[in-house]
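Undergrad: The following block contains a protein sequence and its predicted model.
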Amino acid sequence: MYRLPTKSDLSYVLQAAVAVDNAAGGCVRLLTSEGALHIVEWTGLNAAYFTQFDGMVYGTVTSYAQALTERRRVVIRDIETDIAFAPQRPVARAAGFRSVQSTPLVDSEFGALGILSTYFADPHHPGPESLAALDAYCIIASLLIEVDTLHHAVVEADRRLSTPPRALPETVAEAAAAARRLLPTLVHPGHGAATRSAAAHLETVVRHLRSLVHHAYGSNSQTRQLG
């Protein structure tokens, strides 16, 4: 019996991302169908900070929303000198971070999924190698979200059509199983090959599920079930 990776596996990706340049903490925000950014995984810092900004409306003037709106990474090297961050400084100080990077999460059709952010105790801007590593983790995070979302769409379509749940083809089931085995290894040093392999396996699963949604059930099937 195969098991698909789910959004719960984002915890491995976030741990790996936080290890880049020894960040003080990090979080993954997902864009809900209501247009809010909801925190689904977080580590480090304190709960009060994440509670303060959980559920912010997509389009709100924050570095997180800006990153997702413009589909580009936003780095605030020092919150104390960044004018736009001024309203958030008191909460950020209490949380214990001085700089933050936010990278958008997008699906294979460049649709907005969410944000992965990491926070640093001191003024900081990740270098090229660190940014490349964060990009790799964000690709995996996006694929995990997409697998989870598409799978829910397929299950819902089967339910509406009173169709028995469809088993994955053997190659796709093997790819799902391989991805699940590799994801926990991302938290260990020297895992570049595992990162690339996990992404490739997840892409195989996404292609199959997206094909089911678009072709077997029609392009009007609901594919976003976030939140």
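TA: Thanks, I have it. Residues are numbered from 1 along each chain as shown.

Undergrad: Could you check how many residues crowd around Leu202?
TA: 27 (other C-beta atoms under 10 Å). The C-beta positions use only the backbone N, C-alpha and C, and glycine is treated the same way.

Undergrad: Now do the same contact list for the closest residue to Thr171 other than its chain neighbours.
TA: Using C-beta to C-beta, 6 or more residues apart in numbering and skipping residues adjacent in sequence, the residue nearest Thr171 is Thr204, 7.2 Å away. Contacts for Thr204 (C-beta atoms under 8 Å, 6 or more residues apart in numbering) come out as 171-172, 175.

Undergrad: so when I look at Thr204, I'm seeing a helix, right?
TA: Yes: counting by DSSP: H, G, I helix; E, B strand; the rest coil, Thr204 is located in a helix.

Undergrad: Sketch out the low-pLDDT regions of this protein for me.
TA: Residue ranges of the chain with pLDDT under 70: 1-2, 47, 52-62, 215-227.

Undergrad: Try it again at 90.
TA: 1-3, 6-7, 31-39, 44-71, 83-96, 107-111, 152-168, 187-194, 211-227 (pLDDT under 90).

Undergrad: So which residues of it form strands?
TA: For the chain, applying DSSP state E gives strands covering 25-31, 36-44, 56-57, 74-76, 99-106, 112-120.

Undergrad: Turn the ones you listed into a markdown table, including distance to Leu183 and mean neighbour count.
TA: Output for the strands of the chain, formatted as a markdown table (distance: least, C-beta to C-beta, whole Å; neighbours: other C-beta atoms under 10 Å):
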| stretch | distance to Leu183 | mean neighbour count |
| --- | --- | --- |
| strand 25-31 | 14 | 25 |
| strand 36-44 | 13 | 19 |
| strand 56-57 | 28 | 14 |
| strand 74-76 | 26 | 20 |
| strand 99-106 | 16 | 24 |
| strand 112-120 | 15 | 26 |
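
Undergrad: In TSV, list those along with distance to Leu161.
TA: Formatted as TSV, these follow (distance: least, C-beta to C-beta, whole Å):
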stretch	distance to Leu161
strand 25-31	27
strand 36-44	29
strand 56-57	35
strand 74-76	42
strand 99-106	29
strand 112-120	26
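
Undergrad: Look up which residues are beta-bridged to Trp42.
TA: Cys27 (DSSP bridges).

Undergrad: Contact partners for it?
TA: 14, 25-28, 50.

Undergrad: What is the nearest of those residues to Glu146?
TA: Val28 (13.6 Å; C-beta to C-beta).

Undergrad: From His38, how far out is the closest one?
TA: Separation of Val28 from His38 (C-beta to C-beta, to the nearest Å): 10 Å.

Undergrad: And this structure, split by domain according to the record?
TA: Taking automatic domain parsing as the criterion, the chain consists of the domains 9-125, 139-216.

Undergrad: Pro5 and Val147 touch, don't they?
TA: Yes: using C-beta atoms under 8 Å, Pro5 is in contact with Val147, at 5.7 Å.
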